[in-house]
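In: Give me the fold of what follows.
(chains A and B)
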Number of protein chains: 2
Amino acid sequence: MSTRSYAILGTGAIGGFYGAKLQKAGVDVHFLLRSDYEFARDNGLQVESVQGDFTLPEVNAYRSVNEMPRCDVAIVALKTTQNHLLPDLIPPVLKDDGVVLVLQNGLGIEDEVARIVGVDRVLGGLCFICSHKVGPGRIRHLDYGNISIAEYKIEYASGGVTPRMHDIATDFETAGITIRLEPDLLLARWKKLVWNIPYNGLSVVLNAQTDELMQNAHTQRLVKQVMLEVTAAAAAYGRDIPATFVQKMLDDTAKMTPYSTSMKLDYDGGRSLEVEAIFGNTIRAAIDAGVAMPQVDMLYRQLKFLDRKGQSTV
Amino acid sequence: MSTRSYAILGTGAIGGFYGAKLQKAGVDVHFLLRSDYEFARDNGLQVESVQGDFTLPEVNAYRSVNEMPRCDVAIVALKTTQNHLLPDLIPPVLKDDGVVLVLQNGLGIEDEVARIVGVDRVLGGLCFICSHKVGPGRIRHLDYGNISIAEYKIEYASGGVTPRMHDIATDFETAGITIRLEPDLLLARWKKLVWNIPYNGLSVVLNAQTDELMQNAHTQRLVKQVMLEVTAAAAAYGRDIPATFVQKMLDDTAKMTPYSTSMKLDYDGGRSLEVEAIFGNTIRAAIDAGVAMPQVDMLYRQLKFLDRKGQSTV
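Out: Reported below is the predicted structural model:
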């Protein structure tokens, strides 16, 4: 049984799912909730999962971090559009020797977290999962579910695989979650962007699912072009992503069950989009390295337009 | 009174409007129609115009070019998506010394027409007008209306201002249409693309009117970036479009009455889009000159996706 306690900052499709799985495996978990607080306090959490449905009738639910105990691991699973809250949310829930595990998409988030808690207390995690919230305290898990974790080091230097990565992996694996230990957080982040940037962006702008984008020769080509802009920017940071990786992403996505990206689900639901974390930060990093990303830039500006337009009508 | 006869190939928002204006001024005009043929034969044409409404109770209406007389000027005013029909449509309506005036958007159309009728019998025309068809034989003219015309020369060499340009201009001016005589068709075409490419493309992809695109800082910037890709390609053909022209386009559009572009009207109406004439031909011309247009290319591919998607559901 794990002796580590976990604070889940953001109990949605990601934080709710992984937190519930950990608690179900006997781990000490504490959930921060906003709109779902009353429901979770009274009814716990429900998970409908391809790996088997389950209900946790009782969870440690909080609506304020000041009511939460200090934990060994704080999992950041908010939407990145809420990350301006992190300086208030993280310190109260973290033990003096606790660490933060960032389970968000995009680039540069660990930098922000390190400025709050210090450089040596941050890990990044990349979730490969299809899940979404279907109601208060109710999470549906459709496919996949593994996580890659890696150490954050200053300026995203490669951090290698550390004992605490193994410790956290043990807790997740006890809960039935496959964990990959990655020695290089930045490489893992860029690799994930190779998929996230074209599919999230184009699915929103063109109101399309992944299969539609891959069945049309023009968008299939466009997806690849955008992926190559991402790998060119990664290369400027010394992270070489081979052409075979790009081709595998394309092939796998073409074969994948038709899928609405998380950004499309957000857009269709009238919620704000994670444009800055996934697109804005990436473009700014590329510019810092002297690399232009004209097609990613266009997607970024199109999304900024739609994000604002969408919000103004909600 | 003009002694020149005009064949209007395509009696829509452009051909219908200008043809009606010419006939109203006493010019001999012959209209090719498809779906509106019966209506126009029985009822003529109606124009609702900011310059004054008028009805032509009788017009020379035809449903086949083989029934039409040979004319001095054949005006090509089809949608460019129908241009594969031009080899059949033009020769029967053109006198041996007749000329073709292409009133379409996009690049390279005059090349196609010259292959049909010969190099020295083609003029290009650029319409600056807001008009659309509102019913069978009924055209609404909302704003503007002037035309720039120019000689086509092989490989789009500058053709100067010729007597026959003056002749055609006289007929239009008699009909109350302002005509600009342009010495360089290719420069005029590239200048029009500076506006058409960003606004037509983004208005469809983002479901937006011109004012919305200009009010959002991200799309305003994007419009300018796309314009600069167009001017860079024009420069590769020796046509220098100054930065002041780009800025004036932006400023004028920001001040203009909110406007749905012709491509957006086509898209909203479930009609096919003029993607190849405006975008595809331009990108291919740029590639031939060794110039990349990544953002225009992205718009092109997005439109090709939407065009196909739209058509499949109509």
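In: how much space between the residue nearest the centre of chain A and A:Lys264?
Out: Geometric centre of chain A, nearest residue: A:Gln104, 2.7 Å, by C-alpha atoms, centre = their mean. Between A:Gln104 and A:Lys264 the computed distance is 18 Å (C-beta to C-beta, to the nearest Å). Where C-beta positions appear, they are placed from N, C-alpha and C, glycine not excepted.
In: Does the residue nearest to the centre of chain A touch A:Ile75 like I think?
Out: No: counting by C-beta atoms under 8 Å, A:Gln104 stays clear of A:Ile75, with 10.0 Å between them.
In: tell me the secondary structure for the residue nearest to the centre of chain A?
Out: Secondary structure, DSSP: H, G, I helix; E, B strand; the rest coil: A:Gln104 is coil.
In: do you know how far it is from chain B?
Out: 23 Å (C-beta to the nearest C-beta, to the nearest Å).
In: how about low-confidence regions in the stretch 1-150 of chain A?
Out: Under the criterion pLDDT under 70, the flagged ranges of the stretch 1-150 of chain A are A:1.
In: quick one: A:Phe279 from A:Leu299, how far?
Out: On the measure of C-beta to C-beta, A:Phe279 and A:Leu299 end up 6 Å apart.
In: what is in contact with the two at once?
Out: Counting by C-beta atoms under 8 Å, 6 or more residues apart in numbering or on different chains, the common neighbours of A:Phe279 and A:Leu299 are A:197, A:201.
In: Let me see the contact set for A:Glu112.
Out: Going by C-beta under 8 Å, 6+ apart, A:Glu112 touches A:83, A:86.
In: Give me the distance between it and A:Ile154.
Out: Going from A:Glu112 to A:Ile154 by C-beta to C-beta gives 13 Å.
In: same question, A:Lys224
Out: Spatial separation of A:Lys224 from A:Ile154 under the definition C-beta to C-beta is 34 Å.
In: For A:Asp251, the count of nearby residues, please.
Out: Residues lying near A:Asp251 (other C-beta atoms under 10 Å in any protein chain shown) number 11.
In: Let me know the helix or strand that it is in.
Out: For A:Asp251, the host element (DSSP states H and E) is helix A:243-255.
In: just A:Ser148 next, same as before
Out: With elements taken from DSSP H and E, the one containing A:Ser148 is strand A:138-151.
In: Going by proximity to chain B, name the top residue of the stretch 51-200 of chain A.
Out: A:Pro198 (10.7 Å; C-beta to the nearest C-beta).
In: tell me the contacts of that residue?
Out: Residues near A:Pro198 by C-beta under 8 Å, 6+ apart: A:213, A:222-223, A:226-227, A:230, A:299.
In: On the three-state scheme, it is what?
Out: Under three-state DSSP, the three-state class of A:Pro198 is helix.
In: cool, and A:Gly125?
Out: Classified using three-state DSSP, A:Gly125 is strand.
In: gap between the residue lying farthest from the centre of chain A and chain B?
Out: Centroid-distance maximum for chain A: A:Ala217 at 29.4 Å, with C-alpha atoms, centre = their mean. In this view, A:Ala217 and chain B are 8 Å apart by C-beta to the nearest C-beta.
In: near chain B, which residues of the stretch 151-300 of chain A?
Out: Residues of the stretch 151-300 of chain A that fall close to chain B, judged by C-beta under 8 Å from any C-beta of the partner chain: A:202, A:205-206, A:208, A:212-213, A:216, A:218-219, A:221-222, A:225, A:294-295, A:297-300.
In: Need the buried ones from those selected in PyMOL.
Out: Buried members of those, defined by 16 or more other C-beta atoms under 10 Å in any protein chain shown, are picked up in PyMOL with:
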select buried, chain A and resi 202+205+206+208+212+213+216+218+219+222+225+294+295+297+298+299+300
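In: Report the secondary structure element holding the residue nearest to A:Leu206 when sequence neighbours are not counted.
Out: Spatial nearest neighbour of A:Leu206, excluding adjacent residues (C-beta to C-beta, 6 or more residues apart in numbering or on different chains): B:Phe305 at 5.6 Å. Assigned by DSSP H and E, B:Phe305 belongs to helix B:294-312.
In: Using CSV, write out the CA atom coordinates for that helix.
Out: In CSV, the C-alpha atoms belonging to helix B:294-312 read as follows (Å, rounded to 0.1, in the frame of the first residue of the first chain):
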residue,chain,number,x,y,z
PRO,B,294,2.4,28.6,-46.2
GLN,B,295,-0.6,30.5,-44.8
VAL,B,296,-2.3,30.8,-48.2
ASP,B,297,-1.6,27.1,-48.7
MET,B,298,-3.3,26.4,-45.3
LEU,B,299,-6.3,28.4,-46.3
TYR,B,300,-6.5,26.6,-49.6
ARG,B,301,-6.5,23.2,-47.9
GLN,B,302,-9.0,24.2,-45.3
LEU,B,303,-11.3,25.5,-48.1
LYS,B,304,-10.8,22.3,-50.2
PHE,B,305,-11.9,20.3,-47.1
LEU,B,306,-14.9,22.5,-46.4
ASP,B,307,-15.9,22.7,-50.1
ARG,B,308,-16.0,19.0,-50.4
LYS,B,309,-17.8,18.6,-47.0
GLY,B,310,-20.3,21.3,-47.9
GLN,B,311,-21.1,19.7,-51.3
SER,B,312,-21.5,16.3,-49.8
